[in-house]
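[1] Take this sequence and fold it.
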Amino acid sequence: MNQIVTSFLVVVAMFVAIDSHAQGADYTTDSLVVVKQQIQEKKALLVDVRDQAEWDRGHLEGALLVPFRKLQKGMTQADVEKVLPKNQIIYTHCAVGARSLGAAGVLKDYGYDVRPLQQGYKELVKEGFPVAK
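    Down below sits the predicted model:
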């Protein structure tokens, strides 16, 4: 019983943290066709905000890993700017969309043109985004 309560509290805390960062960020209205085109034309980057373990199990070709947890726990604007250029659109994605919004809120605060995807990793793969080999 204590494990169930603890798990529930962890999940609630995670959603509160995501919500506090997600304010001011909405899912992109860009279609996945537009997203693919922007990435292909080097006008945009795809940023995976899942954890390292999720990334290691599979990730999208060309995506960059910037875990939401690292953004939450002290990745400064200077740290982010070493990894992500400001002259491209940033499309964030995660497993189901919640962390994508949270990360977008942080990146938006840092001055990025960030457009979170509601679609998660598996859905993007089904939509034809290539998996890294």
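[2] Which helix or which strand is home to Asp79?
    Assigned by DSSP states H and E, Asp79 belongs to helix 77-83.
[3] Contact partners for Leu64?
    Shown in contact with Leu64 (C-beta atoms under 8 Å, 6 or more residues apart in numbering): Leu45, Leu46, Val47, Asp48, Val83, Leu84. Quick note: C-beta positions are derived from backbone N, CA and C, even for glycine.
[4] rerun that using 10 Å as the cut-off
    Contacts for Leu64 (C-beta atoms under 10 Å, 6 or more residues apart in numbering) come out as Leu45, Leu46, Val47, Asp48, Val49, Val83, Leu84, Ile90.
[5] And it, its phi and psi?
    According to degrees, to the nearest 10, the main-chain angles of Leu64 amount to phi -110, psi 140.
[6] who does the helix holding Asp79 touch, helix- and strand-wise?
    Under the contact criterion of 3 or more C-beta pairs under 10 Å, 6 or more residues apart in numbering; DSSP states H and E, helix 77-83 touches strand 44-48, helix 68-72, helix 98-109.
[7] Tell me the buried residues in it?
    Neighbour counts over helix 77-83 (16 or more other C-beta atoms under 10 Å) mark Val80 as buried.
[8] can I have that helix written out in CSV, keeping just the CAs?
    Output of helix 77-83 as CSV, limited to C-alpha atoms (Å, rounded to 0.1, in the frame of the first residue of the first chain):
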residue,chain,number,x,y,z
GLN,A,77,20.5,28.8,-20.4
ALA,A,78,24.3,28.8,-21.2
ASP,A,79,24.3,25.0,-20.9
VAL,A,80,21.4,24.8,-23.3
GLU,A,81,22.9,27.2,-25.8
LYS,A,82,26.0,25.0,-26.1
VAL,A,83,23.7,22.2,-27.4
